[in-house]
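Novice: Need a 3D model of the sequence below.
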Amino acid sequence: MPRMHSLVLVVTFAVAACAATAQLTPISYGFTDRPEQRSLAVTFTNRLSHPMCLLPEHWPNQAGWVNQSGGRVILTIGSRRFSMRDFNTGYCPDCATRVEPGATITSIIPYDRFDLPYELANQPKTLDFSPAAFRCGQDSR
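Specialist: Presented below is the predicted three-dimensional model:
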């Protein structure tokens with residue numbers, strides 16, 4: 001039993017150390033509605049002096065999905081709200097998107113990620129999304 005107790009302590013300290021080194025900071029983003037392409041363009045510019053990393057839970061991937069969005073990414077048109085459908089990227093330890101100081105990234109989110117009805121494409125929209133990033137370590141890609 002002492003061995004199991006030691007293993008639990010080691011795992012607990014390892015998880016705590018990882019959490020302490022990757023503190024998330026809310027980031028500002030911009031978005032442009034592109035009804036002719038039935039999508040949104042979401043941008044982030046790193047205005048800090050060090051690289052920032054965005055996890056899949058906090059930034060759209062190349063297919064326009066936010067991992068485990070769970071109602072955290074919402075497109076609003078008038079009084080109607082459309083949550084991004086949930087998506088699971090699975091375990092991906094090296095999937096953070098690295099953004100160098102001064103660099104801007106753009107991701108495209110298709111309307112179909114929200115099941116947006118076709119007839120609402122040309123209506124004014126707002127995007128409710130609270131992405132966060134962490135300071136990249138030396139070995140982050």
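
Novice: make it CA atoms for all contacts and neighbour counts henceforth
Specialist: OK.

Novice: Give me the buried stretch members for stretch 119-136, please.
Specialist: Judged by neighbour count using 16 or more other Cα atoms under 10 Å, the buried positions of stretch 119-136 are 121, 125, 127, 129, 131, 132, 133, 134, 135, 136.

Novice: I'd like the distance from it to the chain centre, please.
Specialist: Centroid displacement of stretch 119-136 relative to its chain, using Cα atoms, centre = their mean, to the nearest Å, is 10 Å.

Novice: Can you list the neighbours in contact with it?
Specialist: Stretch 119-136 has contacts (Cα atoms under 8 Å, 6 or more residues apart in numbering) with 22-28, 31, 33, 35, 38, 50-55, 58-59, 72-78, 98.

Novice: so for stretch 39-59, what's the average pLDDT?
Specialist: Stretch 39-59 shows a mean pLDDT of 96.

Novice: Now do it: distance from first to last residue.
Specialist: 15 Å (Cα to Cα, to the nearest Å).

Novice: which residues touch it?
Specialist: By Cα under 8 Å, 6+ apart, stretch 39-59 touches 27-34, 66-69, 89, 95-111, 130-136, 140.
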